[in-house]
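Participant: Have a look at this fold, sequence not included:
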């Protein structure tokens, strides 16, 4: 009898397992809010960057939102609107006359990281927005600055997962820029990449294969797609096995300690250039549609 008055237990909602479920269960729910908030975000970019303590993260968040729409393959108009928000903010920050470069609002020791990271994000964003080729000169210049930053003990601790990840990503940017020789020199640095070990070893081997041209195109595709088939899925890095706080060892996992969707963006561009062997210009939709639930169709 008294069982009739028992408090109902909340129904457990299973987390999304793929990109379509992510869209249905999370993005749809917030879609109207995202549309309404865009009006303010498109107009307040000056105040937004004046108050921002981490300008690189501010810009990254807009790009991540745009990538979410790209990977779920919905709402091209919102994708472009969020990209435009990122580009406007990046252009503002890349002006060296911006007050926050001079008033210590952005700390001196973080400024090289902020500026070069934002310059690279701007290069990807503008190329994607306009469906053009990426400015490889920007990637080349600022990757090298990030190498110096990551290796400078006055700024960073090498034995840090973020630092090792930033360095590795800068190597990928150089490969995208086509500078394999400098990328090979950078990845050969006498440092231990314990946090990103598997991706480090894969990157080192990838550069060697590209330089030596010792694999057939089919063999190179098989090699490249080993991690790519993992990272293109929605659940990459969301499962417990990636959480070292729960006692898991990430040494043998495809782990990078930065924003997942920016990793997907870079690896999709790498794959398009070196596996599909096609131009990025005029093909950004196809480049990013390599990420998703479907099998890749050349």
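Facilitator: That came in fine, so what should we check first? Predicted model only: the values in this text are computed from it and were never measured.
Participant: who are the neighbours in contact with residue 208?
Facilitator: By CB atoms under 8 Å, 6 or more residues apart in numbering, the residues touching residue 208 are residue 184. Glycine gets a C-beta too; all of them are placed from N, C-alpha and C.
Participant: so what's residue 33 scoring on pLDDT?
Facilitator: Per-residue pLDDT puts residue 33 at 84.
Participant: before we move on, which element is it in?
Facilitator: helix 28-43 (DSSP states H and E).
Participant: Give me the buried positions along that helix.
Facilitator: 34, 38, 41 (16 or more other CB atoms under 10 Å).
Participant: Output those residues as TSV; include the columns distance to residue 225.
Facilitator: Shown next, in TSV, are the buried residues of helix 28-43 (distance: CB to CB, whole Å):
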residue	distance to residue 225
34	33
38	36
41	37
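Participant: With adjacent residues omitted, what lies nearest to residue 195?
Facilitator: residue 161 (3.9 Å; CB to CB, 6 or more residues apart in numbering).
Participant: Surely residue 275 is in contact with residue 218?
Facilitator: No: applying CB atoms under 8 Å, one finds residue 275 not in contact with residue 218, separated by 10.0 Å.
Participant: and the two? which has more neighbours close in?
Facilitator: Taking other CB atoms under 10 Å, residue 275 and residue 218 do not tie; residue 275 has more neighbours (20 against 9).
Participant: wait, what's in contact with the more buried one?
Facilitator: So residue 275 contacts 217, 220-221, 224-225 (CB under 8 Å, 6+ apart).
Participant: Among those, which ones are in helices?
Facilitator: Under the assignment DSSP state H, the contacts of residue 275 contribute 217, 220-221, 224-225 to helices.
Participant: need those residues in JSON lines with distance to residue 22, can you?
Facilitator: Output for the ones in helices among the contacts of residue 275, formatted as JSON lines (distance: CB to CB, whole Å):
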{"residue": "217", "distance to residue 22": "32"}
{"residue": "220", "distance to residue 22": "30"}
{"residue": "221", "distance to residue 22": "27"}
{"residue": "224", "distance to residue 22": "25"}
{"residue": "225", "distance to residue 22": "22"}
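Participant: how many neighbours does the residue nearest to residue 195 have?
Facilitator: Other residues close to residue 161 by other CB under 10 Å number 17.
Participant: and the helix holding residue 33, how far from the chain's centre?
Facilitator: Centre-to-centre, helix 28-43 and its host chain are 22 Å apart (CA atoms, centre = their mean, to the nearest Å).
Participant: any residues touching it, and which ones?
Facilitator: By CB under 8 Å, 6+ apart, helix 28-43 touches 48, 62, 65, 75, 78, 81-82, 84-85, 88.
Participant: Could you do stretch 229-239 as well?
Facilitator: Residues contacting stretch 229-239 (CB under 8 Å, 6+ apart): 15-19, 21-22, 254-255, 260, 263-264, 267-268, 290-293.
Participant: PyMOL command to pick out the buried ones of those?
Facilitator: Buried members of the contacts of stretch 229-239, defined by 16+ other CB under 10 Å, are picked up in PyMOL with:
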select buried, resi 16+19+22+254+255+263+264+267+268+290+291+292+293
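Participant: So which of the contacts of stretch 229-239 sit within helices?
Facilitator: 19, 21-22, 260, 263-264, 267-268.
Participant: Closest to residue 180 out of those?
Facilitator: When those are ranked by distance to residue 180 (CB to CB), residue 267 comes first, at 16.5 Å.
Participant: Which residues are in contact with the closest one?
Facilitator: 172, 227-228, 231.
Participant: What of residue 279?
Facilitator: So residue 279 contacts residue 133 (CB under 8 Å, 6+ apart).
Participant: Look at it and tell me its secondary structure.
Facilitator: Following DSSP: H, G, I helix; E, B strand; the rest coil, we place residue 279 in the coil state.
Participant: Need the phi and psi values for it.
Facilitator: In terms of degrees, to the nearest 10, the main-chain angles of residue 279 are phi -70, psi 140.
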